[in-house]
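[1] Dropping the sequence and predicted coords here.
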Amino acid sequence: MPLTPPARVTPAALSGLEQKSYTIPKTAEARRKLFSFVIQQPQYAQYVTAQYRDLENLTDNDIESYLQDLDELGILQELDRDQTDGQ
């Protein structure tokens, strides 16, 4: 069975990946506050590993990256819905 050449990645495809926007706060302080809130919610504890529970040892980049991951999983939207619905 012959191998097929790998798909060619175009600059347009790459720019779409680079322009991913997230619904996370713009400032480091606001991101830290949101992350702190998320890790205190029992229904979201499964998404946060123990290494991320000590906020003092996390850099702003760590928190931003983790919030981006949670956003991609839809957790931040779910959290927003829960707050809007009064849960």
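    Good, I have the coordinates.
[2] my read: L73 touches Y44, true?
    No - if you go by CB atoms under 8 Å, L73 and Y44 don't touch, sitting 10.1 Å apart. Every residue, glycine included, has its C-beta placed from N, CA and C.
[3] Comparing the two, which shows the higher neighbour count?
    Y44 (17 against 11; other CB atoms under 10 Å).
[4] Contacts only, for that one.
    Y44 makes contact with V38, L70, I75, L79 under the criterion CB atoms under 8 Å, 6 or more residues apart in numbering.
[5] gap between it and A30?
    Going from Y44 to A30 by CB to CB, to the nearest Å gives 18 Å.
[6] do the same with Q46
    Where A30 is concerned, Q46 sits at a distance of 24 Å (CB to CB).
[7] Likewise for Q41?
    Where A30 is concerned, Q41 sits at a distance of 17 Å (CB to CB).
[8] These two: which is more packed in?
    With neighbours defined as other CB under 10 Å, Q41 and A30 compare such that Q41 has more, 14 against 11.
[9] for this protein, where's the lowest mean pLDDT among helices and strands?
    Every helix and strand in the chain was compared by mean pLDDT, DSSP states H and E; the lowest is helix 11-18, with a mean of 60.
[10] Can you give me the neighbour number for P11?
    Per other CB under 10 Å, the neighbour tally for P11 reads 7.
[11] Revised request: answer the last question for L79.
    Residue crowding around L79 was assessed by other CB under 10 Å; the count is 19.
[12] For the remainder of this discussion, apply numbering that starts at 669.
    Done: numbering now begins at 669, and the last item shifts to L747.
[13] My read is that it contacts V706, right?
    Yes - at 6.5 Å, L747 counts as touching V706 under the criterion of CB under 8 Å.
[14] give me the number of residues near the closest residue to I707 other than its chain neighbours?
    Nearest residue to I707, sequence neighbours excluded (CB to CB, 6 or more residues apart in numbering): V716, at 4.9 Å. Close neighbours of V716, defined as other CB under 10 Å, add up to 17.
[15] And for Y715?
    15.
[16] Read off the pLDDT value for it.
    As summarised for this prediction, Y715 has a pLDDT of 77.
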